[in-house]
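S.K.: turn this into a model:
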Amino acid sequence: MINLSVTTILIVINCVVSYLALNNPTVMNRLILTPYWVERKNEYYRFITSGFIHANFMHLAFNMISLYFFGYIVESKLGGTLFILLYLLALVISDIPTYLKYKNNSNYASLGASGAVSAIIFASILFYPVNLIFVYFIPVPAFMFAILYLAYSYYMDKRSGDAVNHSAHFYGAVVGLVFVGALDYTLIPAMFTTIADAVLNFFR
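M.R.: From the prediction side, this is the model:
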């Protein structure tokens, strides 16, 4: 009997559902997050379903590669039940600001697992704050990546200059930190201690 991890199952579901949606506009339109119709038809299921479809295969690949590298780490720490709870909560919560902002805009739609994946990445950063994260093949300490990621996502959301839902990235990341921090508050002071030690060792 094959014992699949939750991370593997999520990757498979994302790939299958995204493939179906990309090849069938009816499926895409039925699953995508459209705040206007959520507000008027109470189609709240879209907060979940929109997280399992992607704009194109590059978008899908980027999110699934990120989930692959960070998902197994976080799942090993939280266990399958808490891991899937974090993932689904992040999908929903990360899109609430988007819903509130665009609920009267009939032309706006959002999709992708980025909010949930951001939560998983930031949960891993809380566990391992000085591990290296490779950004375009450049190694960056996890805590520095976290600061830059949050600042960039916040700035780009306020700028609103592209079609990327930076708000979901930002709030998904926050969900990951808050969720894991609430489960074990000792991780927060431990994170700062680990970072301080790493910085001091760097300058010695």
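S.K.: all strands of this protein, in order?
M.R.: Residue ranges of the strands in the chain, as given by DSSP state E, are 132-135, 138-141.
S.K.: need those in a markdown table (columns: distance to residue 110, mean pLDDT and mean neighbour count).
M.R.: Where C-beta positions appear, they are placed from N, C-alpha and C, glycine not excepted. Shown next, in a markdown table, are those (distance: least, Cβ to Cβ, whole Å; pLDDT from 0 to 100; neighbours: other Cβ atoms under 10 Å):
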| stretch | distance to residue 110 | mean pLDDT | mean neighbour count |
| --- | --- | --- | --- |
| strand 132-135 | 24 | 91 | 14 |
| strand 138-141 | 27 | 93 | 13 |
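S.K.: could I get these as a markdown table with distance to residue 49?
M.R.: Below are the strands of the chain laid out as a markdown table (distance: least, Cβ to Cβ, whole Å):
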| stretch | distance to residue 49 |
| --- | --- |
| strand 132-135 | 29 |
| strand 138-141 | 33 |
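S.K.: what's the closest of these to residue 114?
M.R.: Among the strands of the chain, the nearest to residue 114 by Cβ to Cβ is strand 132-135 (15.5 Å).
S.K.: what sits against residue 143?
M.R.: By Cβ atoms under 8 Å, 6 or more residues apart in numbering, residue 143 lies in contact with 125, 129-130, 191, 195.
S.K.: same check, this time on residue 148
M.R.: residue 140.
S.K.: for residue 179, same thing?
M.R.: Contact analysis of residue 179 by Cβ under 8 Å, 6+ apart lists 86, 89-90, 119, 123.
S.K.: now it: how far from residue 12?
M.R.: As judged by Cβ to Cβ, to the nearest Å, residue 179 and residue 12 stand 23 Å apart.
S.K.: and residue 26, by the same measure?
M.R.: Residue 26 is 22 Å from residue 12, by Cβ to Cβ.
S.K.: buried residues in stretch 32-40?
M.R.: Going by neighbour count (16 or more other Cβ atoms under 10 Å), the buried part of stretch 32-40 is 32-38.
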